[in-house]
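Student: 3D, please:
(chains A and B)
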Number of protein chains: 2
Amino acid sequence: MTIHPFDQALQLEAAGSDRPDTWLGHSSPDYWNMVGPFGGTTAATALRAILLHPALLGEPIALTVNYAAAMAEGPFAVTAKPVRTNRSTQHWTVELSQADTSGAEGVVMTATAVTAARRETWNVNDTPMPSVRFSDSSARLRFSASAWTNRYDLRPVRGAIPQVWDGSGQGGEEGSLTQLWVRDEPPRPLDFASLAAMADVFYPRVWLRRATRVPAGTVSITTYFHADSRQLAQSGMGHLFGQAKAQAFRNGFFDQTAQLWNEAGALLATSSQIVYYKE
Amino acid sequence: MTIHPFDQALQLEAAGSDRPDTWLGHSSPDYWNMVGPFGGTTAATALRAILLHPALLGEPIALTVNYAAAMAEGPFAVTAKPVRTNRSTQHWTVELSQADTSGAEGVVMTATAVTAARRETWNVNDTPMPSVRFSDSSARLRFSASAWTNRYDLRPVRGAIPQVWDGSGQGGEEGSLTQLWVRDEPPRPLDFASLAAMADVFYPRVWLRRATRVPAGTVSITTYFHADSRQLAQSGMGHLFGQAKAQAFRNGFFDQTAQLWNEAGALLATSSQIVYYKE
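Tutor: Numbering: from 1, shown residues only, chains lettered A, B, ... in the order given. Next up is the predicted model:
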């Protein structure tokens, strides 16, 4: 049995008994972006270090990942510390470091997370999935410059990546809105790590809004997990429906908010990120 | 000249030359909530520790604050470390700790932040302020159990706190929407710290959605700053217009997203948080 490329990318090995919170990994060519790994994989790696930890309490509720520097190809170390454990919640800090060309270790990613033992309560989904069918989607989105786009079956319903970079971006309330279906390619059963990665599959909103491909990169992403592992298992290997939209573009940074539902219409995760852009 | 209660609450003193990243503070009775300080003040304290740091580069872009444990009345220590400084961005980790009743130090808050030197670029606000006037607002919102509500002039336009807790919460797309005008009381010129605090003035959405006052508390809040200090100065001591809305309530946690505009309609900050609730 071959290992799925996503699991391959997320392989972590314990650093040893003298560093009990630290795991060692290696960047994956399968999820390479233009100048570093796909940020979704990096976020998933932070989460995986937490999920591997023997002291883990409960399941992920919140994850914030800050991209401090471009990650290089090669090995890295990721440290996840449970800094506070309460009766039903646990708080984590995570740091990913890598040696630079001179051999000095530097922090390339920081993260915080909250895990919790969830209990059944009154529930309501206040953000229904837009009424679209998979058949409404267009041709698969992928771009050769970014290997990671081959590792997802991305099917835009609206707001596909511009075909012509002529500066004719749409204005109005939905000028930066993308809606799409997404699943791993090849298919893989959904789990917290893959859901964390999928929260970052939306290409920079500034490209859509301006139809201009300026340099852009995520600085920080926060994802909230509304689903528990049982609900993720129910989602199986089906497509998720996702949408993302910017709220404001100002002096080098814009934000984008996102939602991910499973095919049955359950809102599994909500996310927001702040993105650097040039010009 | 008397010091404003918000500045009083945020007073920090350098811990000494052997702990150059650490400041000492004290909880404020003026911003007390039901079982601890108003979370907005705690978020502002994290940001203030960064803004005081001699190594600071630029201005705040993103701030994530995790409430790890209930803060007690009394002194605390807050440590802000610049973990990575790039050419135009800087990444921070923050920890706030407090002695428990046995005298042992424990982490009660963790945070991460990004600051940046911003440059003028193409700009657009894709989230216009709803067209409401200050005169549309209703009587001032305050509740005696929470001292901090006296420190804000909060004027709900819609989604005021329920007067009757009869379980008759509204459903539908806008069932959890609150819109309000807000400024410090007494008035105080807007800055990053007060903006960070105001991102948390929206009472728990579950109270509005259900018209049931279940125990609830913020677990993690993320705020993105779209404005720079010049734009904040232009906002002066005027009211901001804010709105907040939940996306999903599931097994003990719900999220809420928020936007804050100044009176001139500039979107100053966007925010999201995940909140614990019981039952």
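Student: can you pull out the helices in chain A?
Tutor: Counting by DSSP state H, the segments of chain A that form helices are A:5-9, A:39-52, A:192-198, A:205-210, A:229-235.
Student: contacts for the fourth one?
Tutor: Going back to what we said before, that points to helix A:205-210. Residues outside helix A:205-210 that contact it (C-beta atoms under 8 Å, 6 or more residues apart in numbering or on different chains): A:159, A:161-162, A:167, A:169-170, A:175-176, A:178, A:212-214, A:216, A:244-246, A:249, A:254, A:256, A:275, A:277, B:122, B:124, B:126. Using the backbone N, CA and C atoms, a C-beta is placed for each residue, glycine as well.
Student: hmm, back to that, could you dump the helices of chain A into a markdown table and include mean neighbour count and mean pLDDT?
Tutor: Formatted as a markdown table, the helices of chain A follow (neighbours: other C-beta atoms under 10 Å in any protein chain shown; pLDDT from 0 to 100):
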| stretch | mean neighbour count | mean pLDDT |
| --- | --- | --- |
| helix A:5-9 | 20 | 97 |
| helix A:39-52 | 26 | 98 |
| helix A:192-198 | 25 | 98 |
| helix A:205-210 | 25 | 94 |
| helix A:229-235 | 16 | 96 |
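Student: now those in TSV, with distance to A:S137?
Tutor: Converted to TSV, those look like this (distance: least, C-beta to C-beta, whole Å):
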stretch	distance to A:S137
helix A:5-9	22
helix A:39-52	20
helix A:192-198	16
helix A:205-210	16
helix A:229-235	18
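Student: which stretch among the ones you listed comes nearest B:A9?
Tutor: The closest of these to B:A9 is helix A:39-52. By C-beta to C-beta, the value is 32.7 Å.
Student: tell me how far the closest one is from the chain's mean position?
Tutor: Distance of helix A:39-52 from its chain centroid, counting by C-alpha atoms, centre = their mean, to the nearest Å, is 9 Å.
Student: again with stretch A:132-147
Tutor: Distance of stretch A:132-147 from the chain centroid (C-alpha atoms, centre = their mean) equals 17 Å.
Student: tell me which residues in it are buried?
Tutor: For stretch A:132-147, the neighbour count (16 or more other C-beta atoms under 10 Å in any protein chain shown) marks A:S137, A:L141, A:R142, A:A147 as buried.
Student: Now do stretch A:182-199: distance to the chain's middle.
Tutor: Offset of stretch A:182-199 from its chain centre (C-alpha atoms, centre = their mean): 9 Å.
Student: Just the terminal-to-terminal distance for it.
Tutor: Start-to-end span of stretch A:182-199 (C-alpha to C-alpha, to the nearest Å) is 10 Å.
Student: Spit out the contact partners of the residue lying closest to A:G238 once chain neighbours are set aside.
Tutor: Spatial nearest neighbour of A:G238, chain neighbours left out: A:E263 (4.6 Å); criterion: C-beta to C-beta, 6 or more residues apart in numbering or on different chains. A:E263 sits next to A:S235, A:G238, A:H239, A:L240, A:F241 when contact means C-beta under 8 Å, 6+ apart.
Student: Export the residues you listed as a markdown table, with columns for distance to B:A44.
Tutor: Output for these, formatted as a markdown table (distance: C-beta to C-beta, whole Å):
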| residue | distance to B:A44 |
| --- | --- |
| A:S235 | 39 |
| A:G238 | 43 |
| A:H239 | 42 |
| A:L240 | 36 |
| A:F241 | 37 |
